[in-house]
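In: Sequence first, then the predicted structure, then my questions.
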Amino acid sequence: MYMSKGIGIALSIIAVMLVSIGVAYSMWSQTLEVNGVASTGEVDIEIQNGSLIYLDACGLPPGYGQSGGYDWNASHYPSPFAEQLAPPEGKDVGCTNVALVDSDGDGDSDALNVTLRNVYPWYYTHIAFKVCNDGTVPVKIWRVLVDGHYYYEINEQQLHQGVEVDLNNDTLPDLTIWWGDNFGKQLHPGECADISFDLTVLQAAPQGSTLSFLVQMQAIQWNEYSASIPH
Ligand SMILES: [Ca+2]
Ligand SMILES: [Ca+2]
Ligand SMILES: [Ca+2]
């Protein structure tokens with residue numbers, strides 16, 4: 001077949017270009033594959049609708065049910081355990097309100113807006129809910145963000161003494177929080193775990209105040225958990 005020298009060179013150049021495009025293409029698709037392995041699915045958790053319960057809900061009449069409306073008092077502080085609390089005193093000054101929040105805007109709740117109204121030192125409340133794996137990969141309950149601070153897996157000391165939180169940034173703690181122990185728990189897609197915490201208002205909290213803070217639950221892909229908590 002007749003071919004001019006010029007066309008021959010042009011064809012060789014095109015062939016070289018095709019080869020390099022091919023190389024580039026395969027490198028690109030390899031990169032995609034690597035990324036695909038690194039990120040195998042969607043990490044998503046949600047607070048299960050209807051699972052939220054808490055003591056002394058605002059709006060409950062005093063004495064409603066067993067204790068509704070009456071304030072709980074942590075007279076056995078620093079013990080967080082309900083059975084060691086004084087029974088409701090027949091006083092109704094403060095109350096607890098908890099609202100579910102969709103903090104990342106994906107249509108399900110992943111955070112709680114906690115408001116303690118008109119509370120005072122040793123006011124006590126308890127909040128419980130279920131966290132479910134709503135994504136496509138196994139996850140572990142990683143950490144919680146309270147008022148802008150991250151808290152991780154509970155150590156022995158925190159289990160017994162709780163975690164003190166300073167909400168108004170005057171360096172004095174306003175609240176002690178005791179967490180349940182489901183941090184680090186692995187959840188397969190569709191699985192849920194109970195999370196709960198106890199709250200006690202401390203002496204340094206501003207008097208007769210309304211304390212409000214956001215509690216945001218965060219999960220991580222199961223195999224990234226141990227490398228992603230402070231040791
Ligand atoms: Ca009350
Ligand atoms: Ca959400
Ligand atoms: Ca404070």
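Out: Arrived safely. Ligands and ions are numbered 1, 2, ... in the order given.
In: how many other residues sit next to the closest residue to G94 other than its chain neighbours?
Out: Counting by CB to CB, 6 or more residues apart in numbering, the nearest residue to G94 once its immediate chain neighbours are dropped is V119, at 4.0 Å. For every residue, glycine as well, the C-beta is placed using N, CA and C. Neighbourhood size, V119 [other CB atoms under 10 Å]: 28.
In: didn't V119 look like it was pressed against Q207?
Out: No - in this structure, V119 is not within contact of Q207 by CB atoms under 8 Å, at 9.5 Å.
In: Quick one: the helices in this protein, in order.
Out: 5-38, 156-161 (DSSP state H).
In: Quick check, pLDDT for A57.
Out: Here, the pLDDT recorded for A57 equals 90.
In: for N73, same thing?
Out: 82.
In: And W178, by the same measure?
Out: W178 is assigned a pLDDT of 87 by the prediction.
In: close enough to count as contact, it and F197?
Out: Yes - with contact defined as CB under 8 Å, W178 reaches F197; the gap is 6.2 Å.
In: re the thing from before, ok, of the helices of the chain, where does mean pLDDT dip lowest?
Out: Among the helices of the chain, helix 5-38 scores lowest, at a mean of 49.
In: What strands flank the top strand by length along the chain, and is each parallel or antiparallel?
Out: The longest strand of the chain (DSSP state E) is strand 209-221. Here strand 209-221 has these sheet partners by DSSP bridges: strand 111-119 (antiparallel), strand 139-146 (antiparallel).
In: What lies in contact with the longest one?
Out: Pointing back at strand 111-119 there. Here strand 111-119 makes contact (CB atoms under 8 Å, 6 or more residues apart in numbering) with 47, 52, 58, 93-103, 123, 125, 127, 129, 199, 201, 205, 208-217.
In: repeat that for 6 Å
Out: Contacts of strand 111-119 with the rest of the structure, by CB atoms under 6 Å, 6 or more residues apart in numbering, involve 58, 93-99, 101, 103, 201, 208, 210-216.
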